[in-house]
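Novice: Pasting the sequence and the predicted model now:
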Amino acid sequence: MARCYSNLSTVHHDQGDLEQAKGYIERALTICLKKLDPDHLDVVTCYNNLVLFTKISVSWSRPKSIMNVHLAFV
């Protein structure tokens, strides 16, 4: 199940929906932490993706909001 959430996070990330991507990777991480050791590769990968998605969403939040306003007028 965690892998499915992780895959969904990738799809949403690729579509530019970073908040949804972050939500799915958080779900995947929660499941992984319940089932696996903290140093398991899947857990580490979830943490890595969560950091990347958070970093991207913070740095792109302003340009994305500007782009959305622009698209509203097109």
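Specialist: Done, it's in.
Novice: Can you name the helix or strand that Gly16 falls in?
Specialist: Assigned by DSSP states H and E, Gly16 belongs to no helix or strand.
Novice: tell me the contacts of the nearest residue to Lys22 once chain neighbours are set aside?
Specialist: The shortest distance from Lys22 to any non-neighbouring residue, by CB to CB, 6 or more residues apart in numbering, is to Phe53 (4.6 Å). In short, each C-beta sits where N, CA and C put it, glycine included. Contacts for Phe53 (CB atoms under 8 Å, 6 or more residues apart in numbering) come out as Ser9, His13, Leu18, Ala21, Lys22, Ile25.
Novice: Compare those residues and tell me which is most surrounded.
Specialist: Ile25 (28 neighbours; other CB atoms under 10 Å).
Novice: what about Cys46, distance to Ser6?
Specialist: Distance, Cys46 to Ser6, by CB to CB, to the nearest Å: 7 Å.
Novice: which residues do these two both contact?
Specialist: Ile25, Ala28.
Novice: which of these two has more neighbours?
Specialist: Between Cys46 and Ser6, Cys46 has the larger neighbour count (other CB under 10 Å), namely 25 against 20.
Novice: May I see the buried residues of the helix or strand hosting Leu8?
Specialist: Using DSSP H and E, the element containing Leu8 is helix 2-14. Residues of helix 2-14 classed as buried by neighbour count (16 or more other CB atoms under 10 Å): Ala2, Tyr5, Ser6, Leu8, Ser9, His12, His13.
Novice: with those residues in mind, which one is nearest to Ile31?
Specialist: Here the nearest of those to Ile31, counting by CB to CB, is Ala2; it sits at 3.9 Å.
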